[in-house]
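Novice: Build me a model from this:
(chains A and B)
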Amino acid sequence: MSELAHGAHPQGFAHQFEDVEQQRDAGRLGMWVFLVTEILFFGGMFASYTIYRALHYESFVTGSHLLKVRFGATNTYVLIGSSLTMALAIRAAQTGKKKGQIIFWLILTMILGAAFIGIKLHYEWFRDYQEGLIPGVQWFYNGPHAPGVKMFMCFYFFMTGLHAIHMVAGLGILTVLVIMTARNKFSPEYYAPLEISGLYWHFVDIVWIFLFALLYLIGGRYPGS
Amino acid sequence: MSTSQEKPVESGVNYLNATYGIRSWLLTLDHKRIGLLYLGSITLMFFVGGMAAVLMRLHLTEPQGALFEPETYNKLFSTHGIIMVFFFLVPSIPATLGNFLIPLMIGARDVAFPKLNLMSWYIFITGAALALYATLSGGVDTGWTFYPPYSSLYSHTQVVAVALGVFVAGFSSILTGLNFIVTIHKMRAPGMTWFRLPLFIWAMYATSLIFVLGTPVIAITLFLLGMERILHVGIFDPSVGGDPLLFQHLFWFYSHPAVYIMILPGMGVVSELITAFSRKKIFGYAFVAFSSLSIAVISFVVWGHHMFVTGQSIYAGLVFSVLSFLVAIPSAVKVFNWTATLYKGSISYEAPMLYALGFIGLFTIGGLTGLFLAALATDVHLNGTYFIVAHFHYVMVGGAVMAYMGGLHFWWPKITGRLYPDLWARIAAAIIFIGFNLTFFPQFVLGYLGMPRRYAIYPAEFQVLNVMSSAGASILGIGYIIPLVYFIWSMRYGPPAGKNPWGAKGLEWTTQSPPLTQNFEEIPIVTEDAYNYASEAAHV
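Specialist: The predicted structure follows:
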């Protein structure tokens, strides 16, 4: 237990707790429970996806090949990179580095996150729109397996859309963290908000990795095929 | 009544009068005040939902329907179901008594995340406002189950607004469950080990697990339904190869466990009441505690019993049937253990105990008739009839609402520091019991004879039983209004309750009534098991 528990409490200590240790444990457990709810939230979609993919495999492969796999792959690297910079920001706080260094890693994380959304919007969704691949909004696909492809594109937009909303929320959280860091809220004794926000950020990345594999890479798609 | 002899507390400061003004309530972080905010909100929703029920029962006094067009009737039963399930029963005991009692019972100053707690109330209010707005601006006629393709393609009512209301309110459940899980894990007082926790806490823990694991699935399901309705394309639409049955699977994956969200907290309350009013330790503490958890776990694998007649595979039906029968085991464990607790106890019959005894009887009927519905063959006959309506009202109203009322009566002196008139409370409990049985027992018979649910008209031969049911509903309505009156009366005129008017065990009874804002002057140190009434008997 931290010796701070009995002396002066650091900034950010809430009255309902007995000591800092208890507060940190509670925050961490709370975020893990939240991530479990998120898994169930996306899980409903993944389960539906799995069922329909089994039922309409050919359509799903056809639909998958309409996606811009190069940009999807680029975005995967971008997000994995942002997970690294997030972890480095936490590490910097943990080891008591100057706040400038923490802010540097946080901002880099934000830039990568924003780049992900930018690529997604500009090179994928906008082109899908131009090509008439958005069901219910702009749809003029009439190639093979048209009904099933429409179904696949519904999944694609619902799943990547929900993921993008989580990315935007993550950028909001990062903004708050930057402000908190600038105001000297964190120290090697107290950096729990950074840590649990990091859990969230990594979770959103992991969801993307599953989305990338399940949406872009089905049907033996590789360069030269 | 066996009052302990301590005088009412005199310091005068408590969580109710520590600060004044509307802001001090709307921005409060005190779990006790948030519990009261929920109490006010869900009481309002209860009477809105109840109104719809009264109108339905009035309409059904005539075979051709006494009051409404069939479309209006459809909207009434949908409103009744949606409001009662999502905006009353699901939050009822957890959000009011749970919020108020969990920190007090485990010896904590507050829940782990007070701001999140307040936020969840605002989320709930937003969802409820959406649902009420939708009800007033045209209503919804899909039933509380929102089955597509009717809800996605054909209904001309406010499906999106209501579904959005339910979606939003779901996040309030998720945050409440998250808060409770962390609070129970991390905030227990020194010496309050897992097996010294009151059984109410075990029940709330099991409920929170379902909140956290089930609610996200209904959220995503309603999101998909809403998108399908707005964009006219989606994954339940057969024209693109979708399957409307998938909606039913996803819906019941949440909504069957939600049944246990409603009943498990009631079981927790009853465990407290039975021990307090028979002055005995609970029989088989560990069995009762683990039966809560096993009900929560099994509840996630039985949803298919809602779909026996939808054309799901017969083998799936068999498995779901067997699993559904399994739920009877932990449920029966509880009923038998409560009964064994009563055996040779020194039982007294104050109002909360009347509700608890009512719960045991009515829940047993509700539970046993559930077995008829879990059996594949009898379900074919009973599915979609009033038998189902009667069955789940015995569990939801006879069970969950009875326990909620019992819990309110039991902890009201702690919440307000005032006693209510016990005689009136006993009369109201008796009226509710009689009114309830008169309303819903005839519905078992109606269903068995084949009267389908959700119809605005019925064959003339069913009129006698329908009139009995409607008469019961009016008695039940009166039974619910009486407590409303004397509870409000007691807040001003009730005699002071003192710390522990029932002589009950539990940390919440060791602090003043109403409690301090920080609950305890000193965080207590727990040295004994829950319900240690034997130690007291030895002294008497």
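
Novice: OK, contacts around the residue in the stretch 151-300 of chain B positioned nearest to chain A?
Specialist: The stretch 151-300 of chain B approaches chain A most closely through residue B:231 (3.0 Å), counting by CB to the nearest CB. In short, each C-beta sits where N, CA and C put it, glycine included. Residues near residue B:231 by CB atoms under 8 Å, 6 or more residues apart in numbering or on different chains: A:135-137.

Novice: hmm, stretch A:62-78 in reach of chain B?
Specialist: No. Under the criterion of CB under 8 Å from any CB of the partner chain, chain B is not reached by stretch A:62-78; the shortest gap measures 11.2 Å.

Novice: Neighbours of residue B:481, how many?
Specialist: For residue B:481, the count of nearby residues is 13 (other CB atoms under 10 Å in any protein chain shown).

Novice: mind checking how far it is from chain A?
Specialist: 38 Å (CB to the nearest CB, to the nearest Å).

Novice: Over to residue B:18?
Specialist: For residue B:18, the distance to chain A - CB to the nearest CB - is 14 Å.

Novice: secondary structure class for that residue?
Specialist: Three-state assignment for residue B:18 (DSSP: H, G, I helix; E, B strand; the rest coil): coil.

Novice: Would you mind confirming that it is in contact with residue B:517?
Specialist: Yes. Using CB atoms under 8 Å, residue B:18 is in contact with residue B:517, at 4.9 Å.

Novice: Neighbour count: the two, which is higher?
Specialist: residue B:517 (19 against 15).

Novice: who's in contact with the more buried one?
Specialist: By CB under 8 Å, 6+ apart, the neighbours of residue B:517 are B:14-15, B:18, B:30, B:32.

Novice: Can you tell me which of those residues has the most neighbours?
Specialist: Among the contacts of residue B:517, the one with the most neighbours (other CB under 10 Å) is residue B:30, at 27 neighbours.

Novice: low-scoring stretches of chain B, by residue?
Specialist: Applying pLDDT under 70 to chain B flags the ranges B:1-11, B:536-540.

Novice: longest helix in it, by residue count?
Specialist: Longest helix in chain B, counting residues (DSSP state H): helix B:244-278.

Novice: what comes up buried for that one?
Specialist: Residues of helix B:244-278 classed as buried: B:244, B:246-278 (neighbour count, 16 or more other CB atoms under 10 Å in any protein chain shown).

Novice: can you give me the helices in the stretch 51-200 of chain B?
Specialist: B:70-82, B:92-93, B:99-106, B:114-136, B:159-186, B:199-231 (DSSP state H, counting those that start in this stretch).

Novice: Could you identify which of those helices is most buried?
Specialist: helix B:92-93 (a mean of 30; mean count of other CB atoms under 10 Å in any protein chain shown).

Novice: Counting by contacts, list what that one packs against.
Specialist: With contacts taken as 3 or more CB pairs under 8 Å, 6 or more residues apart in numbering or on different chains; DSSP states H and E, helix B:92-93 sits against helix B:244-278, helix B:402-416.

Novice: would you list those in JSON lines and tack on distance to residue B:423?
Specialist: Converted to JSON lines, the helices and strands packed on helix B:92-93 look like this (distance: least, CB to CB, whole Å):
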{"stretch": "helix B:244-278", "distance to residue B:423": "17"}
{"stretch": "helix B:402-416", "distance to residue B:423": "13"}
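
Novice: Identify the residue nearest residue 43 in space, chain neighbours excluded?
Specialist: This is for chain A. Closest residue in space to residue A:43, ignoring its immediate chain neighbours: residue B:217 at 7.1 Å, by CB to CB, 6 or more residues apart in numbering or on different chains.

Novice: was after chain B, sorry
Specialist: Per CB to CB, 6+ apart, closest to residue B:43 is residue B:484, 7.6 Å.

Novice: helices or strands next to whichever strand or helix holds the one you found in the packing?
Specialist: Residue B:484 belongs to helix B:463-493 when assigned by DSSP states H and E. Other elements packing on helix B:463-493 under the criterion 3+ CB pairs under 8 Å, 6+ apart are helix B:31-59, helix B:402-416, helix B:422-449.

Novice: So which of those helices has the densest surroundings on average?
Specialist: Burial of the helices and strands packed on helix B:463-493 is given as mean neighbour count (mean count of other CB under 10 Å); helix B:402-416 ranks first at a mean of 26.

Novice: how far away is the closest residue to residue B:482 other than its chain neighbours from chain A?
Specialist: Nearest residue to residue B:482 in three dimensions, chain neighbours excluded: residue B:428, at 4.1 Å (CB to CB, 6+ apart). Applying CB to the nearest CB, the value for residue B:428 to chain A is 37 Å.

Novice: For residue B:428, which residues are in contact?
Specialist: Counting by CB under 8 Å, 6+ apart, the residues that residue B:428 touches are B:351, B:479, B:482-483, B:486.

Novice: And the host helix or strand of residue A:164, what's buried?
Specialist: For residue A:164, the host element (DSSP H and E) is helix A:146-182. By 16+ other CB under 10 Å, the buried positions in helix A:146-182 come out as A:147-160, A:162-164, A:166-167, A:170, A:173-174, A:177-178, A:180-181.

Novice: ok so, going back, now render the helices and strands packed on helix B:463-493 as JSON lines, adding distance to residue A:85.
Specialist: Shown next, in JSON lines, are the helices and strands packed on helix B:463-493 (distance: least, CB to CB, whole Å):
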{"stretch": "helix B:31-59", "distance to residue A:85": "38"}
{"stretch": "helix B:402-416", "distance to residue A:85": "50"}
{"stretch": "helix B:422-449", "distance to residue A:85": "61"}
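
Novice: Select, out of these, the one closest to residue B:286.
Specialist: Nearest to residue B:286, of all the helices and strands packed on helix B:463-493, is helix B:402-416, at 21.5 Å by CB to CB.

Novice: Packing partners of the closest one?
Specialist: So helix B:402-416, by 3+ CB pairs under 8 Å, 6+ apart, packs with helix B:31-59, helix B:92-93, helix B:99-106, helix B:244-278, helix B:351-374, helix B:422-449, helix B:463-493.

Novice: Of all these, which one comes closest to residue B:510?
Specialist: Comparing those by CB to CB, helix B:99-106 comes nearest, at 9.2 Å.

Novice: circling back to that earlier point, counting by contacts, list what the next helix or strand along the chain from the helix holding residue A:164 packs against.
Specialist: Next in sequence after helix A:146-182, counting helices and strands by DSSP H and E, comes helix A:192-211. The helices and strands touching helix A:192-211, judged by 3+ CB pairs under 8 Å, 6+ apart, are helix A:20-55, helix A:69-94, helix A:146-182.

Novice: The longest one relative to helix A:69-94, how many degrees between them?
Specialist: Here the directions of helix A:146-182 and helix A:69-94 differ by 20 degrees (axes from the mean of the first three to the mean of the last three CA atoms, to 10 degrees).

Novice: from what I can see residue A:76 touches residue A:210, true?
Specialist: No. Contact criterion CB under 8 Å: residue A:76 and residue A:210 do not qualify, at 10.9 Å.

Novice: which of those two has more neighbours?
Specialist: Neighbours per residue, other CB under 10 Å: of residue A:76 and residue A:210, the larger number sits with residue A:76, 18 against 13.
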